[in-house]
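Q: Take a look and give me a structure for this.
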Amino acid sequence: MNPDNLAKQVGLFVVIAGVIIAGAAVAGYSQPAPSPDYGQEIPDQFQPDSIVTTPSAQEGEIEVQSDEKKTVLIDRSHQNQYTRGEIDTLVSTLVENGHTVEFYGSQNSPGRNLNESLRKADAYVIINPTAQFRSEEIAGIQSFVDGGGRMLLMGDPSTLQISFFFGATSIDHDPTDLSSQFGVSFGTGYLYNMQDNANNYQNTYAEPATDSDLTEGVDRVILHDAAPVYTTQRGETLLTGVEGTRLSSSRKAGNYAMLVRNDNVTAIGDTSFLAPADAYDADNEVLIGNLAEFLVTGDKADCVPPKPQEGGDDPFGPAPPRPGEEPSGATTPTPSSQQQQSC
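A: Sure thing, here's the model as predicted:
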């Protein structure tokens with residue numbers, strides 16, 4: 001056979017074989033792989049038709065019943081871990097109802113100390129502080145509350161912040177040096193519920209523990225990653241987690257409080273419900289309205305905290321004693337009539 005003809009025939013055979021192999025490969029990839037036979041049916045609870053999610057109702061209106069216009073001071077001077085957007089519903093509710101909201105520690109309050117700002121305010125809100133309060137600040141806040149000023153403490157559980165230079169550090173949002181003065185405190189860990197929750201075990205339901213102005217109209221609220229709060233016998237437990245609520249640090253189920261009140265001071269172990277995306281879940285909007293009304297329905301006396309004595313650096317002396325401790329002998333001065341006239 002001519003060598004040239006032989007080469008042509010060999011080349012043709014190679015091309016045909018290649019086409020056959022390629023076609024087989026394509027056909028193999030185009031066919032669906034057979035489903036494995038596990039020898040048993042999928043349990044009913046995992047069937048698609050059996051998976052049911054119940055979204056929380058997102059409707060309602062935030063209402064505040066108060067005719068007298070008040071000033072609410074929100075703290076930003078103690079390395080507070082929150083953004084304006086995260087508390088927008090509370091701020092907007094107050095402003096839309098004619099009240100004034102000021103942020104202490106912002107560019108709008110240069111050169112003013114806390115006690116001076118409190119003298120001009122009717123209510124004080126502290127959210128997730130990470131810096132401690134000075135003794136004169138604590139004494140001034142004590143005078144403010146004793147004089148009828150309202151205070152709202154809001155604290156999320158300790159969070160883990162990652163630092164590129166110093167590793168992981170825990171930030172404690174419990175203003176213990178302040179809250180303990182008023183018979184309330186925040187616990188460690190977060191609350192969760194594996195049985196009764198809003199589509200996430202950390203979205204825990206809380207229900208009223210007693211009738212009160214702060215729980216009026218509330219059936220259930222949804223708090224996310226909430227901290228337990230505690231109060232003394234003088235205080236009231238207002239919201240508690242539903243049955244099955246557990247604490248992360250102990251994993252024990254219990255009747256954990258999430259909202260408490262002690263006279264003019266209210267404490268709640270969550271801030272997430274204030275965010276616009278969560279404000280209308282369940283009865284969250286009702287709770288927000290009740291908290292706003294709590295802030296603006298106090299009856300604060302004039303000139304508290306009192307102005308400093310002329311030439312004095314600290315008008316209050318040492319911080320007031322903690323509950324159970326003996327007083328140090330220092331007392332909070334009462335403003336004179338001349339001071340009252342100059343407020």
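
Q: Leaving out chain neighbours, which residue sits closest to Ile87?
A: In space, and not counting its chain neighbours, Ile87 is closest to Leu274: 4.8 Å by CB to CB, 6 or more residues apart in numbering. (Glycine included, C-beta is placed from N, CA and C.)

Q: State the helix or strand in which Ile222 lies.
A: In the assignment (DSSP states H and E), Ile222 maps to strand 221-224.

Q: Tally up the residues packed near Tyr280, please.
A: 20 (other CB atoms under 10 Å).

Q: can you check the one 3 residues further on too?
A: Number of residues near Asp283 (other CB under 10 Å) recorded here: 24.

Q: secondary structure element for the nearest residue in space to it that is not next to it in sequence?
A: In this structure, Asp283 finds its nearest non-sequential neighbour in Val218, 4.7 Å apart by CB to CB, 6+ apart. Per DSSP H and E: Val218 is located in neither a helix nor a strand.

Q: What count of nearby residues applies to Val218?
A: For Val218, using other CB under 10 Å, the count is 22.

Q: So what are the sheet partners of the helix or strand hosting Ala267 and their directions?
A: Ala267 is part of strand 265-268, with elements assigned from DSSP H and E. As defined by DSSP bridges, the strand partners of strand 265-268 come to strand 150-154 (parallel), strand 257-262 (antiparallel).

Q: Dump the first one to CSV, keeping only the CA atoms.
A: Listed in CSV are the C-alpha atoms of strand 150-154, where the atom choice follows Å, rounded to 0.1, in the frame of the first residue of the first chain:
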residue,chain,number,x,y,z
ARG,A,150,-36.8,59.5,84.3
MET,A,151,-33.9,57.2,83.3
LEU,A,152,-33.9,54.3,80.8
LEU,A,153,-30.9,51.9,80.8
MET,A,154,-30.5,49.6,77.8
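
Q: just the helices in this structure please.
A: Ranges of helices in the chain, per DSSP state H, are 3-30, 88-96, 114-119, 135-146, 176-179, 284-296, 337-341.

Q: can you list the weak-confidence ranges in the stretch 151-300 of the chain?
A: For the stretch 151-300 of the chain, applying pLDDT under 70 flags the ranges 158-177.

Q: Kindly recompute the last result at 90.
A: Regions of the stretch 151-300 of the chain meeting the criterion pLDDT under 90 cover residues 156-183, 185, 187-188, 232-234, 249.

Q: which residue ranges form the strands in it?
A: For the stretch 151-300 of the chain, strands defined by DSSP state E, counting those that start in this stretch occupy the ranges 159-163, 167-171, 184-186, 191-192, 203-208, 221-224, 229-231, 236-241, 246-247, 257-262, 265-268.

Q: tell me the most buried of these?
A: Among the strands of the stretch 151-300 of the chain, strand 265-268 has the highest mean neighbour count (mean count of other CB atoms under 10 Å), at a mean of 27.

Q: Residues contacting that one from elsewhere in the structure, which ones?
A: The contact list for strand 265-268 (CB atoms under 8 Å, 6 or more residues apart in numbering) reads 145, 150-155, 179, 182-186, 214, 229, 231, 239, 258-261, 291, 294.

Q: So the residue nearest to Ile87 is in contact with Ile288, correct?
A: Yes: when contacts are counted by CB atoms under 8 Å, Leu274 is listed as touching Ile288 (6.5 Å).

Q: what's the overlap in contacts for those two?
A: The contact lists of Leu274 and Ile288 share Thr89, Leu90, where a contact means CB under 8 Å, 6+ apart.

Q: How much space separates the residue lying closest to Thr245 once chain neighbours are set aside from Asp278?
A: Distances taken as CB to CB, 6+ apart put Asn193 closest to Thr245, at 4.8 Å, once the chain neighbours are dropped. Asn193 sits 17 Å away from Asp278, taking CB to CB, to the nearest Å as the criterion.

Q: okay, those two: which has more neighbours?
A: Ranked by neighbour count (other CB under 10 Å), Asn193 and Asp278 place Asp278 first, with 24 against 20.

Q: Near the residue lying closest to that one once chain neighbours are set aside, how many other residues are there?
A: Closest residue to Asp278 apart from its sequence neighbours, by CB to CB, 6+ apart: Ser272 at 5.7 Å. Counted with other CB under 10 Å, the neighbours of Ser272 add up to 19.

Q: go on, the one 5 residues further on?
A: Using other CB under 10 Å, Ala277 is surrounded by 9 other residues.

Q: next one: Val95
A: For Val95, using other CB under 10 Å, the count is 12.

Q: Asn128 too?
A: Neighbourhood size, Asn128 [other CB under 10 Å]: 22.

Q: same deal with Asn199?
A: Asn199: 10 surrounding residues under other CB under 10 Å.

Q: how close does it sit to His99?
A: Taking CB to CB, one finds Asn199 at 34 Å from His99.
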